[in-house]
Structure formats: C-alpha cells, structure tokens
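Chemist: Test case, fold it:
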Amino acid sequence: MHRILFVCLGNICRSPSAEAVTRAKAPHLSLDSAGTAGYHIGAPPYGPMQKAAKPRGYDLSPLRARQFTPEDFHTFDLIIAMDSENLEDIEAQRPTGAQTPVTLFTTYIGQTGTAVPDPYYTRDFDGCLDLIEHCADALIKDLS
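Modeler: Presented below is the predicted three-dimensional model:
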C-alpha cells in the first residue's frame with residue numbers, strides 16, 4: 001500500500017484538494033495532507049476551494065488542516081509538495097536517516113520545478129483543480 005502525504009503552506013487549498021482528488025481517483029491509496037505553516041490548524045478547507053471542488057464531485061468538507069511534522073517522514077512512503085518553497089521547508093525538517101522521497105506534484109506531468117499555483121492568492125480555484133486533476137492522474141499511473 002502506498003501512503004502519500006500532500007503538503008502546501010496552510011493546508012486549506014492545494015494539499016487538501018490534492019488529497020480529495022487523488023482519493024476519488026484511487027480510493028485504495030492511503031492519503032493525507034498537511035501544511036508547512038500552522039496558520040489554520042483544525043480549520044476546514046477554504047470556502048471558495050470547497051465551492052469549486054463540489055461540482056466536480058470532490059467533498060473537501062470533512063478534511064481539517066494540520067501542520068507537517070518530522071514524524072511524517074516515518075509515517076508516509078512519499079511526500080508531495082505543491083511548490084519548491086514548501087519542498088525546501090519539508091526537507092529542512094528531514095530527520096537524520098529518513099529516506100522518504102519528497103517531490104513536487106507537477107513532476108508527475110513532466111514539469112519539474114513548476115508549482116501548483118496557490119488559489120488563495122491567485123483566486124483561480126478552477127485552474128488549480130484542473131492542474132491537480134492532471135497531476136493526480138499522472139501520479140496514479142506512475143504508481144501502477
């Protein structure tokens with residue numbers, strides 16, 4: 001079984017969406033999401049993100065924000081960051097000897113170094129979901 005953690009900054013837009021989209025497409029995977037910052041711990045995903053996801057069949061409402069911890073390196077087989085800043089923040093917490101790979105989500109669609117833009121700032125929730133769906137399909141294919 002693959003245990004995958006999706007990580008963004010606040011865990012209210014990109015990473016919970018990646019978790020929900022990937023779960024809908026591959027329910028056999030063990031998935032979670034987290035944020036590198038503790039701004040929204042315990043909060044549900046951002047309302048406009050939930051609103052954009054709902055018509056596509058993704059219910060984000062049960063998810064709650066949590067902060068990434070070094071223990072996540074031991075809990076998950078793969079950690080996927082939404083942008084390079086969060087990837088660097090994740091790597092800065094890597095415990096000595098932890099071998100869990102950390103990669104960008106867009107790597108799966110051949111866009112190494114490209115971020116999933118944060119719709120909290122861009123306001124492009126549908127564009128973000130389009131990219132997440134594309135990346136999730138490629139991730140699932142890669143894991144097959």
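
Chemist: Next secondary structure after the worst-scoring helix or strand of the chain on mean pLDDT?
Modeler: Sorting the helices and strands of the chain by mean pLDDT, DSSP states H and E puts helix 119-122 at the bottom, at a mean of 95. Sequence order places helix 125-143 as the next helix or strand after helix 119-122, per DSSP states H and E.

Chemist: Show me the shaky parts of this structure.
Modeler: The chain contains residues with pLDDT under 70 at 1.

Chemist: thinking again about what came up before, mind listing what's buried along the least confident helix or strand of the chain?
Modeler: For helix 119-122, burial by neighbour count (16 or more other Cβ atoms under 10 Å) applies to 119-120. From N, CA and C alone the C-beta is placed, and that goes for glycine too.

Chemist: for stretch 73-88, same thing?
Modeler: 73, 76, 78-83, 86-87.

Chemist: before we move on, back to that, can you name every helix or strand that the least confident helix or strand of the chain contacts?
Modeler: helix 47-53, helix 125-143 (3 or more Cβ pairs under 8 Å, 6 or more residues apart in numbering; DSSP states H and E).

Chemist: would you list these in a markdown table and tack on mean neighbour count and distance to Glu91?
Modeler: A markdown table is the format used below for the helices and strands packed on helix 119-122 (neighbours: other Cβ atoms under 10 Å; distance: least, Cβ to Cβ, whole Å):
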| stretch | mean neighbour count | distance to Glu91 |
| --- | --- | --- |
| helix 47-53 | 18 | 26 |
| helix 125-143 | 18 | 20 |
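
Chemist: and these as CSV, adding distance to Thr22?
Modeler: Converted to CSV, the helices and strands packed on helix 119-122 look like this (distance: least, Cβ to Cβ, whole Å):
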stretch, distance to Thr22
helix 47-53, 13
helix 125-143, 4
